[in-house]
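A.B. asks: this one's sequence-less:
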Ligand code: NAD
Ligand code: ZN
């Protein structure tokens, strides 16, 4: 089968790989119909995630048709068209039982770290990803969800990550009616977080990025304010000024490691890290939230990144909430929001690229070319 094949920093090839096989009675094999590239894949692509091994197939956002199921799979059957959450979750460990499907204790043998994620390095379990013609889906009674009749497949594929992550970013912010919410990052996740902030009763939503076409997009899509930080001078001063010098009630970090430089550098180059770190979205978030406010982090960082200005956190009494999204927990309500027209995720898809041309997709998305918001690969 054809599959993406990581060959080293910023090198993605598409090559033939062996067909995946059922290895456990709870596995399923899914023939992929759509598979997105995510900002999280860019961390791998740019060499920011340790233990990303050459030869791995990336991809954690996919839909597909069930081709084969193991003997203990009862919740889906051959022929079902499913969307598959990016988290691999056993459904029965201490964490899954609390709805923390992103923190499953069984799907990643490095059990103290994140739960398993498809195609996300050996720090997330070393599972092969979905940017391929076929993929093995472990714990197939838990994650895969039959796509409701009538749902647009483009909406379905964005329910595997973008919609739940944006929604959870807003949810973790604990937004109260009338709150001013600032979102750093106008990629797919920041766009969805801004849109979802209104669902929790925000009174004002401000998005900050440096890419003008994305700012234009989010202004229309999420009906919010949007500013280019390169034109603002200091975004922290701007946010303070526009909130009567109080600071925002809630600030969401939907950027992650991009602004910090690479984790490899952060491990080996302390000086470089400190310089870069002082300009990150996370610093801006902590410094621009009001005293007692909440900073919600969904941006992904390297496991050892150490970027929090802790003195400001203590002195301002800030609450920091952060996690991988728990897709399965959120799916029932988010499927409803899509079906009722409250959320329109498919509007984010700007590029449809054959799987064979995945390398172009990565380049376009990473370099923010051709007004790209969200690319989907079609096997
Ligand atoms: P993306 O790369 O498309 O978007 C990131 C945006 O941040 C870009 O538009 C970039 O210009 C902007 N940016 C860079 N530095 C900035 C700064 N200092 N201030 C403001 N904006 C800045 O990525 P995406 O797909 O939107 O993902 C965003 C983040 O969310 C990534 O870190 C990704 O790994 C993470 N993510 C987390 C989860 C989760 O479950 N927690 C799930 C999916 C994605
Ligand atoms: Zn993703």
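C.D. replies: Done, it's in. This one's a predicted model, so the numbers in the text were calculated from it and none came from an experiment. Ligands and ions are numbered 1, 2, ... in the order given.
A.B. asks: Just want the phi and psi numbers for residue 310.
C.D. replies: phi -60, psi -30 (degrees, to the nearest 10).
A.B. asks: what does residue 282 give?
C.D. replies: phi -70, psi -40.
A.B. asks: residues contacting the single nearest residue of the stretch 201-350 of the chain relative to ligand 1?
C.D. replies: Nearest residue of the stretch 201-350 of the chain to ligand 1: residue 256, at 2.3 Å (CB to the nearest ligand atom). To be clear about C-beta, it is placed using only N, CA and C from the backbone, and glycine gets the same treatment. Counting by CB atoms under 8 Å, 6 or more residues apart in numbering, residue 256 touches 39, 40, 43, 185, 281, 298, 299, 300, 301.
A.B. asks: Look at the nearest residue to it once chain neighbours are set aside and say how many residues are nearby.
C.D. replies: Leaving aside its chain neighbours, residue 256 sits nearest to residue 299 (2.8 Å; criterion: CB to CB, 6 or more residues apart in numbering). For residue 299, the count of nearby residues is 28 (other CB atoms under 10 Å).
A.B. asks: From what I see, residue 299 and residue 282 are in contact.
C.D. replies: Yes: taking contacts as CB atoms under 8 Å, residue 299 lies within contact range of residue 282: 7.2 Å.
A.B. asks: joint contacts of the two?
C.D. replies: With CB under 8 Å, 6+ apart as the test, residue 299 and residue 282 both reach 253, 255.
A.B. asks: what's the residue of the stretch 51-200 of the chain found nearest ligand 2 in contact with, if anything?
C.D. replies: Residue of the stretch 51-200 of the chain nearest ligand 2, by CB to the ion: residue 161 (3.8 Å). Residues counted as contacts of residue 161 (CB under 8 Å, 6+ apart) are 36, 38, 40, 60, 61, 85, 86, 325, 327.
A.B. asks: do you know how far it is from residue 119?
C.D. replies: Relative to residue 119, residue 161 is positioned 12 Å away (CB to CB, to the nearest Å).
A.B. asks: so where is the stretch 1-150 of the chain shaky, pLDDT-wise?
C.D. replies: The stretch 1-150 of the chain contains residues with pLDDT under 70 at 111-112.
A.B. asks: circling back: which neighbours do residue 161 and residue 119 have in common?
C.D. replies: Residues touching both residue 161 and residue 119 by CB under 8 Å, 6+ apart: residue 60.
A.B. asks: Can you name the residues of this protein that neighbour ligand 1?
C.D. replies: Counting by CB under 6 Å from any ligand atom, the residues of the chain close to ligand 1 are 38-40, 42-43, 161, 165, 184-190, 208-211, 214, 229, 254-256, 258-259, 280-281, 298-300, 324-325.
A.B. asks: Which of the residues you listed fall within strands?
C.D. replies: Within these, residues falling in strands by DSSP state E are 184, 208, 209.
A.B. asks: Which strand residues bridge the last one?
C.D. replies: Okay, so that is residue 209. residue 228 (DSSP bridges).
A.B. asks: got the buried residues for stretch 356-365?
C.D. replies: Applying a neighbour-count criterion of 16 or more other CB atoms under 10 Å, one finds 358, 359, 361, 362, 364, 365 buried in stretch 356-365.
A.B. asks: show me the contacts for the residue of the stretch 101-250 of the chain found nearest ligand 1.
C.D. replies: Residue nearest to ligand 1 within the stretch 101-250 of the chain (CB to the nearest ligand atom): residue 187, separated by 2.1 Å. Applying CB under 8 Å, 6+ apart, we find residue 187 in contact with 39, 209, 214, 254, 255, 373.
A.B. asks: What of residue 76?
C.D. replies: Going by CB under 8 Å, 6+ apart, residue 76 touches 28, 66, 69, 82, 140, 141, 144, 146.
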